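Q: Just the structure for this:
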Amino acid sequence: MKALEQKAFFIYLFPVFFYLLGITEYGQYVNLWDIVKEVLLFEFIVVVLFYVSNKFFQKQDNAVANIFFISLALYSFFGDIKKALSAHNITSFISSYTVLMPLIFVTLILLFQVGKRNKKVGQQLFVYFNYLMIMLCVLQSILARKTLLSKDSTMVQSLSLDIQAVKEKPNVYFILLDAYAGNTSLKTYFHYDNNDLISKLQAQQFYVFDSIHSNYNITAGSVNSMLNMQYINQAKLAPWNQYSFYLKSFNCIHENKVTRFFHRCDYQLYNYSLFDIESAPASYSFPLLHKGIDLIHARFLHQKLVNDLAWKLCIGKFKLNYFFNKYTLHVHHQNNDIIQKTMKLAKQQNDKPHFVYAHLLLPHQPYFTDSLGNVLDIETQEKNKYQASTYLQYLQYANSRIQEMAKSIVHADPNSIIVFISDHGYPDYPKAAQGLVFNNFMAIHVPDNKYSQLQNIKSNVHLFPVLLNTYFHQQIPLQKDSLFLIDEERNMIRNSKL
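A: Model (predicted):
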């Protein structure tokens, strides 16, 4: 009891409480070891800052501890506070940074002065914070445990895969082109003939599909379906209008059937994608694709400032090249890095065969360049981000990178399986042409140049079943081809046969 009056346990318990709350909300979608590392880092920062604060404000122990705790809470839950204020007309004006930040600063100074002058109130608040954090940590521990125990591991059906049947082990390059429109939609909607790319890929012994379809209009559903070689579990992944759909999909991708198969076949996995995969964590990211740990950190003041205001340093007279490159061109540099790493890997001689998942956000928004690869400024990107002509220019730039990769990999690793495939087509068709979003792109290179079996692939879900059945002697049953339109706004999914 006496210790609670003298020791600021609430300061040291706060990082634990913060991440216990995060586990309660997102525990099914985060790696516990990642959480432990974040707690330790946060705890270290808190201890150092609290020590420095005590040294600076000597003989004001309780007042310093109380204000430090309040500041810590405001900093850690700033995103939630701002969101709550923005949600109501009466308080929305307070939510602007020009009002909210000075208000917080002035309030903290006033509270500190009150704590200094009224020792009794400061002591009572000190003890209250200790009891509060102890009770909250106990409560959140119970809730976090409940969340972890409720994790659903039945979202993907089992498949019978025979590792012993595998005889030859060619290297496999799975190169995903995010939002690349198919030949049919390029001709009918964009009035663009993609024959230049097609003919150059055919010259490299690729089979380019005339008409191929994605089974889903959203990346998370499409990649989940392809890598698990089955349609997604609609009952488990709904509702479609909540971010939990993405988080559940990330879990399915993390434990997917395809990379597990290659891992069991003693393949080295190279994950140049946005998604974590067992034994191969994600190397890259996309600002709009938040994982569980990102959603926990989104509450922090600094994260909110970066998300809301960093773009201001990328435009106009205050433009700084560092921020323009780091934030605006982040994905553009990422695409270049993935392309270079994939081509470099093809040239290496390794003891083990390898499976590469390279996910290029190309020609996905933002449209960073024109058709020649000249980088556009952020104002131009924003102004034209829904223009079909801008998309088409970026697709033409993508074509040059596809040709570069295809030529390099085939030359360095001619006996490999190489797949260029898009997860869905152009995402911004008008309603009258919405069905074209399923028309996507696929080109495949195989060691024996025999494509008769592969020509039967009509949609993405059958890519790996056909490849594994043909070149790895599996017997995976093929399902009927279907298309599923996920409508997040209406919280519904519509399906039809191909």
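
Q: Only C-alpha atoms from now on, for both contacts and neighbour counts.
A: Noted.

Q: where does the stretch 251-400 of the chain have low pLDDT?
A: For the stretch 251-400 of the chain, the stretches flagged by pLDDT under 70 are 310-327, 378-386.

Q: can we see that at 50?
A: Along the stretch 251-400 of the chain, the model assigns pLDDT under 50 to no residue.

Q: can you pull out the strands in it?
A: Listed in chain order, the strands found in the stretch 251-400 of the chain under DSSP state E, counting those that start in this stretch are 268-272, 354-360.

Q: Next, format those as TSV and append distance to residue 200 and mean neighbour count.
A: Shown next, in TSV, are those (distance: least, Cα to Cα, whole Å; neighbours: other Cα atoms under 10 Å):
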stretch	distance to residue 200	mean neighbour count
strand 268-272	25	23
strand 354-360	20	23
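
Q: outside of stretch 184-192, which residues touch it?
A: Outside stretch 184-192, the residues within contact range by Cα atoms under 8 Å, 6 or more residues apart in numbering are 193, 194, 210, 211, 388, 392, 436, 439.

Q: Residue 461: which of these is nearest?
A: Residue 461 lies nearest to residue 439 out of the contacts of stretch 184-192, by Cα to Cα, at 13.5 Å.

Q: Just the ones in strands from the contacts of stretch 184-192, please.
A: Among those, the members falling in strands (DSSP state E) are residue 439.

Q: can I get the contacts of stretch 184-192 in a markdown table with neighbour count?
A: Listed next are the contacts of stretch 184-192 as a markdown table, based on neighbours: other Cα atoms under 10 Å:
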| residue | neighbour count |
| --- | --- |
| 193 | 13 |
| 194 | 16 |
| 210 | 15 |
| 211 | 16 |
| 388 | 15 |
| 392 | 21 |
| 436 | 25 |
| 439 | 26 |
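
Q: Residue 67 - how many residues pack around it?
A: 19 (other Cα atoms under 10 Å).

Q: Let me fix that, I meant to ask about residue 57.
A: Neighbour count for residue 57, taken as other Cα under 10 Å: 11.

Q: Now for it: which residues touch it?
A: residue 64.

Q: that older thread, relative to residue 426, which of the strands of the stretch 251-400 of the chain is closest?
A: Closest among the strands of the stretch 251-400 of the chain, using Cα to Cα: strand 354-360, at 14.6 Å.

Q: and the closest residue to residue 422 other than its chain neighbours, how far is that from residue 426?
A: Nearest residue to residue 422, sequence neighbours excluded (Cα to Cα, 6 or more residues apart in numbering): residue 177, at 4.5 Å. Per Cα to Cα, to the nearest Å, residue 177 is found 11 Å from residue 426.

Q: Could you report the neighbour count for residue 117?
A: Residue 117 has 11 neighbours, counted by other Cα under 10 Å.

Q: Check for me that residue 444 belongs to a strand.
A: Yes. Counting by DSSP: H, G, I helix; E, B strand; the rest coil, residue 444 is found in a strand.

Q: Can you report how many residues lie near the residue nearest to residue 422?
A: Look at residue 177: counted by other Cα under 10 Å, it has 25 neighbours.

Q: Would you enumerate the residues in contact with it?
A: Per Cα under 8 Å, 6+ apart, neighbours of residue 177: 359, 360, 361, 362, 363, 420, 421, 422, 423.

Q: Of those residues, just say which sits nearest to residue 155.
A: Nearest to residue 155, judged by Cα to Cα, of the contacts of residue 177 is residue 423 at 20.4 Å.

Q: for this structure, which helix is longest?
A: Once the chain is assigned using DSSP state H, the helix that runs over the most residues is helix 119-149.

Q: quick one: buried residues of it?
A: Neighbour-count burial for helix 119-149 flags 122-123, 125-127, 129-130, 133, 136-137, 140-141, 143-144, 147-148 (criterion: 16 or more other Cα atoms under 10 Å).

Q: could I have stretch 99-114 exported to PDB, CA atoms only?
A: Only the C-alpha atoms of stretch 99-114 are listed here, as PDB (Å, rounded to 0.1, in the frame of the first residue of the first chain):
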ATOM      1  CA  VAL A  99      -6.500  24.400 -32.200                       C
ATOM      2  CA  LEU A 100      -5.900  21.000 -30.700                       C
ATOM      3  CA  MET A 101      -2.100  21.100 -30.300                       C
ATOM      4  CA  PRO A 102      -1.900  24.500 -28.500                       C
ATOM      5  CA  LEU A 103      -4.900  23.500 -26.400                       C
ATOM      6  CA  ILE A 104      -3.100  20.300 -25.200                       C
ATOM      7  CA  PHE A 105       0.100  22.200 -24.600                       C
ATOM      8  CA  VAL A 106      -1.600  24.900 -22.500                       C
ATOM      9  CA  THR A 107      -3.700  22.300 -20.600                       C
ATOM     10  CA  LEU A 108      -0.600  20.400 -19.600                       C
ATOM     11  CA  ILE A 109       1.200  23.500 -18.300                       C
ATOM     12  CA  LEU A 110      -1.900  24.500 -16.200                       C
ATOM     13  CA  LEU A 111      -2.200  21.000 -14.800                       C
ATOM     14  CA  PHE A 112       1.500  21.000 -13.900                       C
ATOM     15  CA  GLN A 113       1.100  24.300 -12.100                       C
ATOM     16  CA  VAL A 114      -1.900  23.000 -10.100                       C
END
